[in-house]
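**Student:** quick one: sequence and predicted model below, then my questions.
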Amino acid sequence: MRLTVFLGAPGSGKGTQAKMLSQRERFVHLSTGDILRNAIKEGTLLGKEAKTFMDKGELVPDSTMIGLIKDTLSQLKPNQHVLLDGFPRTVAQAEALNSNPTTQVEQAILFEIADPLLIERLTGRRVCKQCGQPFHMKHIPSRKEGVCDLCGGQVVQRSDDHEDVVRRRLEIFHSQNKGLVDYYSEKQKLKRINVDQPADSVQKILMELLK
Ligand code: AMP
């Protein structure tokens, strides 16, 4: 299995880019945030545990997340190229991937952008409840307010995209990210992209890195 990790703050566009790539190329987009949100929707035990942390913008404990990612990856075919979006979030999670020969990370791509831009992106972000298509109130509004252009589903704000939770998520991101950046730099696997540019330009750079 080929594994590429997308690192970067919430709102830096990891999910949008991974979704675009998996629609046009044969990548598998794996978002731990999406898996947890589905678990909450379905009312599973995992969902109940995760919700208490997610509502506050806190991280779900490593033991839960490591178990979840191992299970999910073990169900994929060995020849697939997986884009990991939202995992690892801590060095312990990165070490868990590294401890298994079948889940070695090929490269870690860091999406870089300043905090004020992230706050604007996140608080304006909307998402289709049904298909997950992302929108933005100002930059990419749906044609009809509250209705998804793709599937007609309801377009809503994620509960953790409210400003107070966004600020907490960014604080946690900064406290964990340096460790991850050092971890992958030391292994010479870190690449950086400035993502304060149009999504299509970011996509082109990513395609080159992922060749
Ligand atoms: P995301 O959609 O990636 O922004 O994730 C939304 C929320 O899910 C995060 O704020 C965390 O509460 C939780 N979460 C997602 N991935 C992880 C992870 N790898 N470790 C811990 N918590 C996570």
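**Tutor:** Alright, I've got the coordinates.

**Student:** what helices or strands is whichever strand or helix holds Val202 leaning on?
**Tutor:** Following DSSP states H and E, one finds Val202 within helix 199-210. Packing partners of helix 199-210 (3 or more CB pairs under 8 Å, 6 or more residues apart in numbering; DSSP states H and E): helix 14-24, strand 105-112, strand 190-194. For the C-beta atoms, the positions are set from N, CA and C on the backbone; glycine is no exception.

**Student:** by contact count, what packs against the first one?
**Tutor:** Contact analysis of helix 14-24 by 3+ CB pairs under 8 Å, 6+ apart lists strand 2-8, strand 27-31, strand 81-85, strand 134-136, helix 199-210 as its packing neighbours.

**Student:** try 7 Å
**Tutor:** strand 2-8, strand 27-31, strand 81-85, helix 199-210 (3 or more CB pairs under 7 Å, 6 or more residues apart in numbering; DSSP states H and E).

**Student:** check the second one too.
**Tutor:** Contact analysis of strand 105-112 by 3+ CB pairs under 7 Å, 6+ apart lists strand 2-8, strand 190-194 as its packing neighbours.

**Student:** and this structure, which residues reach the ligand?
**Tutor:** Contacts of the chain with the ligand, taken as CB under 6 Å from any ligand atom, map to 10, 32-33, 36, 53-54, 57-60, 65, 86-87, 89, 93, 160, 169.

**Student:** thinking again about what came up before, of all the helices and strands packed on helix 199-210, which one is nearest Lys138?
**Tutor:** Closest of those to Lys138 is helix 14-24, at 15.2 Å (criterion: CB to CB).

**Student:** excluding sequence neighbours, find me the nearest residue to the closest residue to the ligand within the chain.
**Tutor:** Residue nearest to the ligand within the chain: Gly33 (2.1 Å; CB to the nearest ligand atom). Distances taken as CB to CB, 6 or more residues apart in numbering place Gly86 nearest to Gly33, at 4.7 Å, with adjacent residues excluded.

**Student:** against Val147, how distant is that neighbour?
**Tutor:** Separation of Gly86 from Val147 (CB to CB, to the nearest Å) stands at 27 Å.

**Student:** looking at the two, which is more packed in?
**Tutor:** Counted by other CB atoms under 10 Å, Gly86 and Val147 do not tie: Gly86 has more neighbours, with 22 against 13.

**Student:** now do the contacts for that one.
**Tutor:** 14, 31-33 (CB atoms under 7 Å, 6 or more residues apart in numbering).

**Student:** mind putting these in TSV, pLDDT and distance to Thr44 included?
**Tutor:** Compiled in TSV, the contacts of Gly86 are given as follows (pLDDT from 0 to 100; distance: CB to CB, whole Å):
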residue	pLDDT	distance to Thr44
Lys14	95	24
Ser31	96	17
Thr32	97	15
Gly33	95	15
